[in-house]
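Undergrad: Please find the sequence and the predicted model below.
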Amino acid sequence: MKTRNFFILIIIGTIALVIFSWLTHPKQTPWTINNFINSMTTEKKKPSLNDTLSISSTKKLKRDDRATKTQPKPTKKKKTFSFPPPLYSVVPNKWYYSKTFDRFGQRKPKCQAIRHGIPEEVQFIKKTLSLASNRTYLNDLVLRELTEVCDNKLYDSYAHEATKNQREEEEYPISFGVYINEGGEQTEQFLHRIYRPYNYYCLKLSSQLSKPFHQAMVNIANCLKNVHVVKLPDVVHDEHKKIDSDLQCIKKLRNYKWKYYINIQDNDYPLVTNLKLVQYLKSLNGYNAINSRASKEIISKKTPATESNSKTPSNVPAVNVEKLKQATGGKLYVGDDIFIATSSFCNFVIQNSIASELQNYLKNVRKPEIYYWATLQRISDIPGGYGHKESSKTYDYNIRLVKKRSDNIACHGSWNINNICTYGSGDLKWIYDEKHAGFLFAGTFSIKLDHVIVDCIESFKRLYAK
């Protein structure tokens, strides 16, 4: 009896141990007594360092595999670029700059690279602009609509410019006479660049420009009280009308107080800020900046045949040649119609009979404006002038930087009818060459040909102004 009970207890204990082993070691599943005994009697081997590293590496690989499977591969974002709007934005409109670089480029132009003449960057700009057949412009009809109402963002943008030294600029107002050659967006941008509420402006319009553009300029003059308009037939194309338009502008502006008058055109571009311009004018110490050198021509009763202009009537008013010879030293001087003159000089030109005598004398001469201002600068006792005592001396001022075909220098834009380079982005390095430091303006530009060079110049101006 005792023996039987003993065996029963052994069987129950064995079953209990098997169940316990199965619960604690389910993967081994010792279903037989031999397996159980072996698992209980065999000493458990400790894993080595290599085994541990192998196991951890395997686990890490498995985790990485799971991460690769569960996480989607990152997709590269497509680079897109919207060319920045004009720095003086008219209104947020679709006409100003189209999607030129959005469509054909993947990034914005690098102005510093263009300035240093990096060939790859220059070619990138050139290629992009050549493909930009969808480039749209602020046309004359749209400009007329934008300028009709004075209380809008267009006129707010004209007055927004403020500088740290604005007081110095306000105390030294400047007047501008601007030949309008281009019209449309080009003129609006140029006016934006040179405009200050405390300066004065006279726009000289040609009949060759569209009627909507004429009206837009009149609208601007009505809303901006320091802007005036002179409308003459063929101001640009009739050489003698250019002097008339200059004199009309001076007459309009002489009722205001300003220090200097600057004669310029809308396809030029300012290389300096208004503050730098003020500082340059102060450095003139009351003198005019009018390019003037002696020509081969002398003042006589007969105008040289080589200089005659068949388009101009020969029945010009009588000229007191002796009086004119006495005032000028008997010579004609040559320069150009881009000049800077004091307010006193301008008053003299309007009031003194010598100026009108000279204008009449030049009626039968081609390009009279290149003689008129340069010769006036040499008249005895004229305000801000040098007189004619040193007639052989040449006066050449850094007013306007131009690249001429005769200079045998490459033009990266195109040559215009006067053999002057209309700049492209590749000319930016030449413009900023050290030997050209000190120039106030550069010409000529066309935003229809290349607007990037203009935007880069404006960016540099703002950068240096900080």
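TA: Looks like it arrived, so ask away.

Undergrad: which is the next helix or strand following the helix or strand encompassing residue 215?
TA: Residue 215 belongs to helix 211-223 when assigned by DSSP states H and E. Using DSSP H and E, the next helix or strand after helix 211-223 towards the C-terminus is strand 227-231.

Undergrad: contacts for that next one?
TA: Here strand 227-231 makes contact (Cβ atoms under 8 Å, 6 or more residues apart in numbering) with 191, 200-205, 207, 214, 217-218, 220-221, 245, 248-249, 252-253. Glycine gets a C-beta too; all of them are placed from N, C-alpha and C.

Undergrad: related to what we said a few turns ago, buried ones in the helix holding residue 215, by neighbour count?
TA: Under the neighbour-count criterion of 16 or more other Cβ atoms under 10 Å, helix 211-223 has 212-221, 223 buried.

Undergrad: between these, which is nearest residue 460?
TA: Nearest to residue 460 out of those is residue 220 (Cβ to Cβ; 27.1 Å).

Undergrad: Find me the pLDDT at that closest one, would you?
TA: pLDDT for residue 220: 95.

Undergrad: Any stretches of the chain with poor pLDDT?
TA: Residue ranges of the chain with pLDDT under 70: 1-7, 9, 13, 16-107, 131-136, 160-165, 232-239, 301-317, 466.

Undergrad: picking up where we left off before, can you tell me which of the contacts of strand 227-231 are buried?
TA: Among the contacts of strand 227-231, the ones that count as buried by 16+ other Cβ under 10 Å are 191, 200-205, 214, 217-218, 220-221, 245, 248-249, 252-253.

Undergrad: Next step: those residues restricted to helices.
TA: Taking DSSP state H, the ones among those that sit in helices are 191, 214, 217-218, 220-221, 245, 248-249, 252-253.

Undergrad: so which of those residues comes closest to residue 353?
TA: Nearest to residue 353 out of these is residue 248 (Cβ to Cβ; 18.3 Å).

Undergrad: So residue 378 is in contact with residue 388, correct?
TA: Yes - the criterion here is Cβ atoms under 8 Å, and residue 378 meets it with residue 388 at 4.4 Å.

Undergrad: Between the two, which has more neighbouring residues?
TA: Each of residue 378 and residue 388 has its neighbours counted (other Cβ atoms under 10 Å); residue 378 has more, 27 against 20.

Undergrad: So the more buried one versus residue 348, what's the distance?
TA: Per Cβ to Cβ, to the nearest Å, residue 378 is found 13 Å from residue 348.

Undergrad: Equivalent analysis for residue 158, please.
TA: As judged by Cβ to Cβ, residue 158 and residue 348 stand 32 Å apart.

Undergrad: Same check on residue 143?
TA: For residue 143, the distance to residue 348 - Cβ to Cβ - is 37 Å.
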